[in-house]
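Visitor: Any chance you can model this:
(one chain, ligands or ions: 2)
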Amino acid sequence: MKVSLEVNGAARAVDVDPWRRLLDVLREDLRLTGTKEGCGEGECGACTVLLDGAPVNACLVAAGQCHGRKVTTVEGLAGHADGGAVLHEVQAALLACGGAQCGICTPGIAVCASWIVDAEPIGADAGARARVRELLAGNICRCTGYQLIVDAVVEAAQARRAGEGEP
Ligand code: FES
Ligand code: FES
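Guide: Ligands and ions are numbered 1, 2, ... in the order given. Presented below is the predicted three-dimensional model:
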């Protein structure tokens with residue numbers, strides 16, 4: 001099946017078995033290896049990408065389901081300005097807060113966190129931190145204990161609000 005899709009803003013086409021996993025299309029056919037495989041069965045979130053703007057586990061999505069749709073991977077988060085790459089707020093905050101250790105979960109967490117800061121008005125109060133933990137519940141990290149990851153998402157949300165001129 002010829003599958004045409006938009007990946008990180010670029011039109012791509014692959015000729016694959018419609019049941020081929022989106023994870024394999026990204027990593028093997030399109031050479032976008034930032035998306036990681038952990039469990040391969042929808043439990044860990046390491047393979048999280050955005051499909052039409054919403055987080056999905058790429059190990060559970062079939063290529064045939066992606067025809068005509070938009071996929072964003074971790075490679076698509078950073079922007080460009082003045083000839084150089086500009087990290088997404090969540091990437092900068094994960095770096096600044098030390099929200100990664102071995103890094104296997106980090107691409108999936110960065111992608112999910114980018115959706116959180118787009119979709120949720122996250123403050124800095126305890127309730128907001130609990131909400132971040134709830135929204136990241138599908139992304140397992142075996143190293144960090146989550147505290148620094150939550151710190152990073154809250155910081156990224158604050159950077160986003162500041163960038164939009166909100167207090
Ligand atoms: S590899 Fe997809 S959820 Fe674990
Ligand atoms: S940093 Fe190692 S699993 Fe999250």
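
Visitor: so who does the residue nearest the centre of the chain touch?
Guide: Averaging the C-alpha coordinates of the chain gives a centre point, and the residue nearest to it by C-alpha atoms, centre = their mean is residue 111 (1.1 Å). Taking C-beta atoms under 8 Å, 6 or more residues apart in numbering as the contact definition, residue 111 lies against 48, 49, 50, 55, 72, 73, 74, 77. Placement of C-beta: from N, CA and C, glycine included.

Visitor: Only whichever of those residues are buried, select them in ChimeraX.
Guide: With 16 or more other C-beta atoms under 10 Å as the criterion, this ChimeraX line picks the buried residues out of the contacts of residue 111:
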select :48,49,50,55,72,73,74,77
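
Visitor: Can I get the contacts of residue 111 in TSV including distance to ligand 1?
Guide: What follows is the contacts of residue 111, written out as TSV (distance: C-beta to the nearest ligand atom, whole Å):
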residue	distance to ligand 1
48	7
49	10
50	14
55	11
72	16
73	13
74	14
77	18
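
Visitor: what's the closest of the contacts of residue 111 to ligand 2?
Guide: Here the nearest of the contacts of residue 111 to ligand 2, counting by C-beta to the nearest ligand atom, is residue 48; it sits at 12.5 Å.

Visitor: Excluding covalently adjacent residues, which one is nearest to that closest one?
Guide: Ranked by C-beta to C-beta, 6 or more residues apart in numbering and with sequence neighbours excluded, the top spatial neighbour of residue 48 is residue 108, at 3.7 Å.

Visitor: now do residue 102
Guide: Beyond its immediate neighbours in the sequence, the residue positioned closest to residue 102 (C-beta to C-beta, 6+ apart) is residue 143, lying 5.3 Å away.

Visitor: List, one by one, the residues from the protein near ligand 1.
Guide: Contact residues (C-beta under 6 Å from any ligand atom) of the chain with ligand 1: 37, 38, 39, 40, 42, 43, 44, 45, 46, 47, 57, 59.

Visitor: how does it look with 8 Å?
Guide: If contacts are counted using C-beta under 8 Å from any ligand atom, the residues of the chain sitting beside ligand 1 are 23, 36-48, 57-60, 108, 138, 140.
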